[in-house]
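Novice: please find the sequence and the predicted model below.
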Amino acid sequence: MRLSLDSLDDDTLLGVFSALTVPDVLNLRQTCRRLLVFSSQQIVWQNIGFSQILQQGIPFSKKPLSSFSVRELEDRVRRAYHLGKAWKAPSITFRTSGFAASRGPIQDVHFIPGYDRRWLITVSQGIWSMITLWDRRNLTRVTSWSPKKAVFSALGVNTSEDCEGALAVSLHRYDSVVVEILAITSTAPDSPPGFECVARLNTLHQPIAMCGSLLALADDEAETIIWNWKTQEYAVLQSPVDADLWRNQCTQVVFAYKTILVVRARSVHAFAEPKLAPHPNTCVHRPYAQSTFGWVDGIFVSVPPSSPEDPTGMEGQPLSILVRTKNDDPWSSTFKIQLWTLSPMTSSYETTVDGPHYNFPPSMTTEIVTPRRGALRCTDMVLGPYGTAVWVQPEDYSVAGLISSNVHLQNMPVPQSHETLVAAAFPGLLNTQDEPQVKSSWKNYGENWTCLDYDEERGCVALGSTAGAVTILEI
């Protein structure tokens, strides 16, 4: 007697579906009504999401699979499956779209976590600064926020998806400097959302990073403040002063496992997780370790993805550091993208509650030598938790940089060169090779880029330009 799938009991059928790929499930549900109904159950897509997405190291939401509705879970799992397949292929093809965001240059562009990842913000400046909220689904403007007689000097976006405050902005007016925490809210169910100030702090320090109710602020010398904008408690972190740098700008603050990493112009400083206290808090915390990378053009630290066993995703996991190096040889036509690993301390005897949790210095894992060297308006680079990264490669000035575009002495053709967005996968679950793999190089035929952001979970890159345009690249 031959058995058919339609004759199997539900428990057996669930095991069969758990072993199928996403395309197989979509094909199988078209064969009969019972399989269509069965494949639309929550437990089916939870099993597929766990075995084919989470266990395969494919970018996915930090939220538990059970927190999504069955329709949303299916959509997310199908999109993640497509994304993982694209990254494991020899090359990636981007779907391109874009829109005009302002009449002047785009100063900053950010994807907003949470809110179903539907929002994108741009920062531009005319007479006064302006933040504009865009709907990622149809690239339409939703609302703008521009306090009168104020200029923005810095902006930090909350990495937590379930926090009231979405971003922090430093506002400079003629008589004051203030940092405001903004939420994206709607006054009515059917009304469009807008920005609402939910907290405010008078400080000259600039917002660098947000994680839930914690905001990291820093100056351009050595001081970093961790401020809980809900409880009004804070802690002061003091990095060593670099006498060789007149402006030691803070570019990133990372909330790692029981450690706060402060990334400045050429170095990374590690602080034990401080205890916050209300004003006046006179305790100053010093780093337990630091590492320098010499003359560099950028540093980006990435934390590992979370897991159901460890929601923070950081205990016992290494951190990855992406470094774009500079070369002191004026005739060199290359620069390097280096991946460094900061390993955790594995022995319980090495760590204490308030002591170090990572081994310094970090070790270099691999590097990519890029064939071009030149000036960049956009020096941003982003390394995702799953080991994929994007950055902008400059125009090939070795070909075109020494030839004037107004040559009139003779008929000489001028070679064309364009800056390029590079997408790469470093060794890991999405790249089983021993070396990093460049998956795509997308040329910019328009105005120079000024900023970028990368949403690894959605496989989406946003780039702002000097002409006020935003380009969206989706895998």
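Specialist: Arrived safely. It should be emphasised that the depicted structure is a prediction, and the values quoted were computed from it without experimental measurement.
Novice: give the buried residues for stretch 358-371.
Specialist: By 16 or more other C-beta atoms under 10 Å, the buried positions in stretch 358-371 come out as 358, 359, 362, 368, 370. (Glycine included, C-beta is placed from N, CA and C.)
Novice: quick check: the first one touching residue 344?
Specialist: Yes - using C-beta atoms under 8 Å, residue 358 is in contact with residue 344, at 5.7 Å.
Novice: which one of the buried residues of stretch 358-371 is nearest residue 229?
Specialist: Of all those, residue 358 has the smallest distance to residue 229: 27.0 Å, by C-beta to C-beta.
Novice: skip the chain neighbours and tell me the closest residue to the closest one.
Specialist: Spatially, and ignoring its direct neighbours in sequence, residue 358 is nearest to residue 342 (5.2 Å; C-beta to C-beta, 6 or more residues apart in numbering).
Novice: tell me how many other residues surround that neighbour.
Specialist: By other C-beta atoms under 10 Å, 22 other residues sit near residue 342.
Novice: I figured it was touching residue 321, is that so?
Specialist: Yes - with contacts counted by C-beta under 8 Å, residue 342 reaches residue 321, the gap being 6.2 Å.
Novice: how far does stretch 464-475 sit from the chain's center?
Specialist: 16 Å (C-alpha atoms, centre = their mean, to the nearest Å).
Novice: also stretch 280-294?
Specialist: A distance of 24 Å separates the centroid of the chain from that of stretch 280-294, by C-alpha atoms, centre = their mean.
Novice: residues in contact with it?
Specialist: Residues outside stretch 280-294 that contact it (C-beta atoms under 8 Å, 6 or more residues apart in numbering) are 233-240, 262, 266-272, 274, 277, 299, 323, 325, 340, 355-356, 358, 360-362.
Novice: tell me the buried residues in it?
Specialist: Per 16+ other C-beta under 10 Å, stretch 280-294 contains these buried residues: 285, 287, 288, 289, 290, 293.
Novice: so residue 93, which state does it fall into?
Specialist: Applying DSSP: H, G, I helix; E, B strand; the rest coil to residue 93 yields a three-state assignment of coil.
Novice: how about residue 254?
Specialist: strand.
Novice: that one: neighbour count?
Specialist: Other residues close to residue 254 by other C-beta under 10 Å number 23.
Novice: give me the distance between it and residue 261.
Specialist: From residue 254 across to residue 261, the span is 4 Å (C-beta to C-beta, to the nearest Å).
Novice: now for those two: what residues contact both?
Specialist: 301, 319.
Novice: still on that earlier bit, check contacts around the residue nearest to residue 358.
Specialist: 301, 318, 319, 320, 321, 358, 359, 360, 362 are the contacts of residue 342 under C-beta under 8 Å, 6+ apart.
Novice: ramachandran coordinates for it?
Specialist: Backbone torsions of residue 342, given as degrees, to the nearest 10, read phi -110, psi 110.
Novice: what bridges to it?
Specialist: Under DSSP bridges, the beta-bridge partners of residue 342 are residue 319.
Novice: show the pLDDT at it.
Specialist: Looking at residue 342, its pLDDT reads 95.
Novice: which residues does residue 438 form beta bridges with?
Specialist: Beta-bridge pairing of residue 438 under DSSP bridges involves residue 424.
Novice: my guess is residue 316 meets residue 346, correct?
Specialist: Yes - with contact defined as C-beta under 8 Å, residue 316 and residue 346 form a contacting pair (7.4 Å).
Novice: surely residue 6 forms part of a helix?
Specialist: Yes - remark: residue 6 belongs to a helix, assigned using three-state DSSP.
Novice: how many other residues sit next to it?
Specialist: Around residue 6 there are 12 other residues, counting by other C-beta under 10 Å.
Novice: thinking again about what came up before, identify the contacts common to residue 342 and residue 321.
Specialist: Common neighbours of residue 342 and residue 321 (C-beta under 8 Å, 6+ apart) are 301, 362.
Novice: between the contacts of residue 342, which sits nearest residue 439?
Specialist: Using C-beta to C-beta, the contacts of residue 342 come closest to residue 439 at residue 320, 17.5 Å.
Novice: so that closest one touches residue 302, yeah?
Specialist: Yes - using C-beta under 8 Å, residue 320 makes contact with residue 302 at a distance of 4.6 Å.
Novice: where along the stretch 301-450 of the chain do the strands fall?
Specialist: Per DSSP state E, counting those that start in this stretch, the stretch 301-450 of the chain carries strands over the ranges 319-325, 335-342, 363-370, 381-383, 388-393, 420-425, 437-443, 449-455.
Novice: most packed of those strands?
Specialist: strand 388-393 (a mean of 24; mean count of other C-beta atoms under 10 Å).
Novice: angle of that one against strand 335-342?
Specialist: Taking axes from the mean of the first three to the mean of the last three C-alpha atoms, to 10 degrees, one finds strand 388-393 and strand 335-342 inclined to each other by 150 degrees.
Novice: who touches strand 388-393?
Specialist: If you take C-beta under 8 Å, 6+ apart as the criterion, strand 388-393 is touched by 59, 87, 322, 324, 337, 370, 372, 376, 378-383, 419-426, 430, 441, 449, 452, 454, 456, 461, 463.
Novice: I'd like to know how far residue 182 sits from residue 196.
Specialist: 7 Å.
Novice: how much space between the residue lying closest to residue 441 once chain neighbours are set aside and residue 442?
Specialist: In space, and not counting its chain neighbours, residue 441 is closest to residue 420: 4.9 Å by C-beta to C-beta, 6+ apart. For residue 420, the distance to residue 442 (C-beta to C-beta) stands at 6 Å.
Novice: ok, now residue 449?
Specialist: 11 Å.
Novice: nice, that's everything, thank you.
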